[in-house]
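A.B. asks: okay, sequence plus prediction incoming.
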Amino acid sequence: DAGVIQSPRHEVTEMGQEVTLRCKPISGHDYLFWYRQTMMRGLELLIYFNNNVPIDDSGMPEDRFSAKMPNASFSTLKIQPSEPRDSAVYFCASSSSHWGQHWGDTEAFFGQGTRLTVV
Amino acid sequence: AQSVTQPDIHITVSEGASLELRCNYSYGATPYLFWYVQSPGQGLQLLLKYFSGDTLVQGIKGFEAEFKRSQSSFNLRKPSVHWSDAAEYFCAVTNNAGNMLTFGGGTRLMVKP
C-alpha cells in the first residue's frame, strides 16, 4: 500500500475562498482522522470517522469547517470561507480497529500533510 | 480526559551523546502510548509503541522508551544521537480502542556536530 495519500501538498488561497483538502486512507483501515498542526496549538484532532461515519467532531473549530467521508477510500475537509488564521498543516491519518494476532497491532498512519496558507 | 505533556520544547545535544526526551501522560485507565517523529516538511512516523507487557520498548532507528506507571511517564531514549535524528518528536496517548490519539506539544531536537 502507498500509505495515506493527501492532496494537495501545498495550497495557497485568498481569504474568503473555499478550500478542499483530500485524503485517501490505507485500504482496509476503518478509522480516519483529520488533524491540524500549528506552532501555537500543536497537533489538534479535528474530527474522526469510523466506517465512514463521523464519530467525534468536537475539535472542528467553527462551522466554516466541514468534513465528509463518502466512501471507505476518500475523505475531504472543507473550509468555507477560509481565513488567514486557518493557515496550518492539515494531516490525515488512518488506522484499523481489527485486532491483529497480538493486541497492539493497531497504530495510526499519517499522510504527509497539506500545508495551507490563506492570504 | 487524556492528556500528554512534553516539558521540553527544545533540546540540543551533541552528536554521539545520549538523549532522553520526557513525556508525561494523564489517562484514567491503562494507557496506550506512542512516540512519533516528524522530520521537516514530512508527516509523522511511528518510532515505537507500548500497549502491555515489557515496560521497556524497542523502536526503530535505535530508540527505546520506558513506561513507568508510578511516574505516569514514557520517556524516549537513545544511547548515541546521530545528526539525522534532528527532528520534532511527539509523544501520544490513546484509549484502548485506539481512536482518540492525543499528542503532546512536541520536542524539537537539534544535534550539534
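C.D. replies: Good, I have the coordinates.

A.B. asks: residue 86: neighbour count?
C.D. replies: You didn't say which chain, so I picked chain A. 21 (other CB atoms under 10 Å in any protein chain shown). Where you see a C-beta, it was placed from the backbone N, CA and C, and this is true even at glycine.

A.B. asks: my question was about chain B
C.D. replies: Residues near B:Ala86, counting by other CB under 10 Å: 17.

A.B. asks: touching, it and B:Thr107? I think so.
C.D. replies: No: B:Ala86 is beyond contact range of B:Thr107, at 11.7 Å (criterion: CB atoms under 8 Å).

A.B. asks: show me what contacts B:Cys23?
C.D. replies: B:Val4, B:Thr5, B:Gln6, B:Leu33, B:Trp35, B:Ala65, B:Ser73, B:Phe74, B:Asn75, B:Leu76, B:Cys91, B:Gly104 (CB atoms under 8 Å, 6 or more residues apart in numbering or on different chains).

A.B. asks: skip the chain neighbours and tell me the closest residue to it.
C.D. replies: B:Cys91 (3.5 Å; CB to CB, 6 or more residues apart in numbering or on different chains).

A.B. asks: which secondary structure element is home to the one you found?
C.D. replies: strand B:87-94 (DSSP states H and E).

A.B. asks: ok, now A:Glu44?
C.D. replies: Assigned by DSSP H and E, A:Glu44 falls in strand A:42-50.

A.B. asks: tell me which residues of that strand come out buried.
C.D. replies: By 16 or more other CB atoms under 10 Å in any protein chain shown, the buried positions in strand A:42-50 come out as A:Gly42, A:Leu43, A:Glu44, A:Leu45, A:Leu46, A:Ile47, A:Tyr48, A:Phe49.

A.B. asks: what's the answer for stretch B:58-65, then?
C.D. replies: In stretch B:58-65, counting by 16+ other CB under 10 Å, buried: B:Gly59, B:Phe63, B:Glu64, B:Ala65.

A.B. asks: which of those residues fall within strands?
C.D. replies: B:Glu64, B:Ala65 (DSSP state E).

A.B. asks: tell me the one among the buried residues of stretch B:58-65 nearest to A:Asp30.
C.D. replies: B:Gly59 (25.4 Å; CB to CB).

A.B. asks: can you count the residues close to B:Ala29?
C.D. replies: 8.

A.B. asks: mind listing the strands for the chain?
C.D. replies: In the absence of a named chain, chain A is used. Going by DSSP E, chain A shows strands at A:5-7, A:10-13, A:19-24, A:31-38, A:42-50, A:53-56, A:65-71, A:74-79, A:88-95, A:109-110, A:114-118.

A.B. asks: try again with chain B
C.D. replies: B:3-5, B:10-14, B:19-21, B:24-26, B:32-38, B:44-50, B:56-58, B:64-68, B:73-78, B:87-94, B:102-103, B:107-112.

A.B. asks: picking that back up, out of the buried residues of strand A:42-50, who's near chain B?
C.D. replies: Counting by CB under 8 Å from any CB of the partner chain, A:Gly42, A:Leu43, A:Leu45, A:Tyr48 from the buried residues of strand A:42-50 sit close to chain B.

A.B. asks: where does the chain dip in pLDDT?
C.D. replies: Unless you meant another one, I'm taking chain A. The model of chain A has pLDDT under 70 over residues A:1, A:98-106.

A.B. asks: that answer is for a different chain, and I need it for chain B
C.D. replies: In chain B, residues with pLDDT under 70: B:96-99.

A.B. asks: in it, what residue comes closest to chain A?
C.D. replies: Nearest residue of chain B to chain A (CB to the nearest CB) works out as B:Phe51 at 3.4 Å.
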